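In: no sequence on this one, just coordinates:
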Ligand SMILES: Cc1ncc(COP(=O)(O)O)c(C=O)c1O
């Protein structure tokens with residue numbers, strides 16, 4: 001492999017420094033940047049900054065660039081479509097890319113029977129649409145969502161989100177009728193129980209407690225859930241969690257809505273993460289990896305659920321033809337081998353991190369599926385006291401060594417590289433990460 005990463009300036013370099021100063025003057029200060037990376041170009045797993053430094057990217061632009069940065073087949077599809085039609089609006093007109101992508105996604109959605117697809121531009125829009133569709137279809141007003149969940153930042157999606165208070169501060173009142181309940185975060189069980197002896201007390205609690213005391217289940221429209229919690233810390237629930245929760249949903253006619261914005265599109269080694277849990281959701285929200293970096297959000301639902309009328313929901317840019325063609329090229333690549341690669345390389349990454357955990361006390365938990373993997377940092381393995389500042393320091397130090405990482409949860413680091421990642425790139429990541437953690441611990 002090339003002798004990359006290559007860091008040949010102080011970070012940020014002189015050009016990056018200038019641009020960051022302009023950014024501070026003109027760009028919204030609401031964005032959270034962990035480190036001063038100013039990107040110029042990228043290919044595969046490798047990101048070049050404006051000063052010629054080259055980084056190994058284990059963020060994929062927040063789990064978006066499923067096929068690697070600028071995959072030639074995705075670029076070819078984009079260019080071909082750009083020559084034909086940039087925009088017409090699927091809201092008022094028909095065009096081929098939106099129709100063939102809808103057919104593809106409808107066929108991919110797990111479960112029997114016909115499916116239909118709605119298109120937006122982002123994860124939040126897909127979630128927002130799911131929220132509205134469920135209300136339209138069920139005519140029910142209440143919803144369940146989870147602590148730690150991140151569903152986006154528009155008012156409806158934000159109302160379902162319960163990740164960090166900064167995301168909600170000063171934005172109340174939000175959409176009413178949402179009750180947040182604890183997720184199956186077994187490393188830090190909110191009920192102080194241990195799996196499997198707990199017999200999924202967190203799920204039983206919904207029926208035995210919540211539905212008996214405060215929430216009439218026949219008024220609940222949805223259970224909104226991430227198959228694996230993303231921003232919340234890449235938390236993988238026990239294998240039977242979704243199955244048992246979905247059973248309760250079915251019993252009361254509640255729609256099971258899977259937010260697969262981060263976990264979907266092959267990232268976990270299956271097209272949808274919910275497939276690992278043997279549950280066919282009623283509605284699935286998709287975005288991020290779906291179009292390899294082109295803006296696109298999609299909502300797939302059982303056809304009988306998607307019964308809203310003309311005019312009830314739409315978006316001018318949703319289902320943009322160029323984004324749709326990028327999505328079709330992306331899905332083709334996933335099916336040809338990238339999804340399988342995610343499973344194989346994900347195991348290699350996980351095995352490598354578990355091995356490192358033996359020599360680094362601060363790596364409290366290593367978890368994930370496929371290429372959705374995280375390490376949770378603790379000050380002490382016994383007390384599990386979260387090591388928040390270490391986590392941030394490790395991310396910053398990794399950047400200085402040419403490895404791009406992102407945090408998730410309060411004290412975890414996520415590894416979500418493109419699905420094109422190879423063994424050598426994973427070994428390089430592990431070796432830099434090992435050095436960084438060792439140096440930080442000194
Ligand atoms: C699970 C999940 N849902 C929704 C969203 C919101 O997506 P977007 O930022 O595209 O609006 C995210 C973004 O991180 C996400 O991880």
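Out: Arrived safely. Note that this is a predicted model, so its numbers are computed, not measured.
In: Can you name the residues that contact residue 388?
Out: Counting by C-beta atoms under 8 Å, 6 or more residues apart in numbering, residue 388 touches 410, 411. Bear in mind the C-beta positions are built from the backbone N, C-alpha and C, glycine included.
In: what are the phi and psi values for it?
Out: The phi/psi pair for residue 388 (degrees, to the nearest 10) reads phi -70, psi -50.
In: Kindly provide the distance from it to residue 413.
Out: 12 Å (C-beta to C-beta, to the nearest Å).
In: confidence score at whichever residue of the stretch 51-200 of the chain sits closest to the ligand?
Out: Nearest residue of the stretch 51-200 of the chain to the ligand, counting by C-beta to the nearest ligand atom: residue 123, 2.1 Å away. Looking at residue 123, its pLDDT stands at 98.
In: neighbours around it, how many?
Out: Residue 123 sits with 29 neighbouring residues when counted by other C-beta atoms under 10 Å.
In: so it sits right up against residue 288, yeah?
Out: Yes. Using C-beta atoms under 8 Å, residue 123 is in contact with residue 288, at 6.1 Å.
In: Now the common contact residues for the two.
Out: Joint contacts of residue 123 and residue 288 (C-beta under 8 Å, 6+ apart) are 261, 262.
In: hey, where'd the strands end up in the stretch 301-442 of the chain?
Out: All strands of the stretch 301-442 of the chain, identified by DSSP state E, counting those that start in this stretch, fall at 363-369, 372-377, 403-404, 406-408, 412-415.
In: Tabulate those strands (CSV), appending distance to residue 36.
Out: Below are the strands of the stretch 301-442 of the chain laid out as CSV (distance: least, C-beta to C-beta, whole Å):
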stretch, distance to residue 36
strand 363-369, 26
strand 372-377, 22
strand 403-404, 12
strand 406-408, 15
strand 412-415, 18
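In: Next, the buried residues of the longest helix seen in the chain.
Out: Ranked by residue count under DSSP state H, the longest helix found in the chain is helix 339-359. Neighbour-count burial for helix 339-359 flags 339, 341, 342, 343, 345, 346, 349, 350, 352, 353, 356, 357 (criterion: 16 or more other C-beta atoms under 10 Å).
In: Okay, angle between it and strand 363-369 too, please.
Out: Interaxial angle, helix 339-359 versus strand 363-369 (axes from the mean of the first three to the mean of the last three C-alpha atoms, to 10 degrees): 170 degrees.
In: Averaged pLDDT, helix 339-359. What do you get?
Out: Mean predicted lDDT for helix 339-359 stands at 98.
In: what does stretch 408-422 give?
Out: Stretch 408-422 comes out at a mean pLDDT of 98.
In: Is there proximity between that stretch and the ligand?
Out: No. Counting by C-beta under 6 Å from any ligand atom, the ligand is not contacted by stretch 408-422; separation bottoms out at 9.1 Å.
In: can you give me how far that stretch is from the chain middle?
Out: Centroid displacement of stretch 408-422 relative to its chain, using C-alpha atoms, centre = their mean, to the nearest Å, is 10 Å.
In: swap in stretch 47-57?
Out: Distance of stretch 47-57 from its chain centroid, counting by C-alpha atoms, centre = their mean, is 24 Å.
In: What residues of it count as buried?
Out: For stretch 47-57, by 16+ other C-beta under 10 Å, it's 47, 48, 49, 50, 51, 53, 54, 55, 56, 57.
In: residues contacting the residue of the stretch 51-200 of the chain closest to the ligand?
Out: Contacts for residue 123 (C-beta under 8 Å, 6+ apart) come out as 151, 152, 157, 259, 261, 262, 285, 287, 288, 297.
In: Apply 7 Å and report the result again.
Out: Each residue near residue 123 by C-beta atoms under 7 Å, 6 or more residues apart in numbering is listed here: 152, 261, 285, 287, 288, 297.
In: same question, residue 100
Out: Residue 100 is in contact with residue 328, counting by C-beta under 7 Å, 6+ apart.
In: next one: the one 5 residues further on
Out: Shown here is residue 105, whose contacts under the criterion C-beta under 7 Å, 6+ apart are 117, 298, 300.
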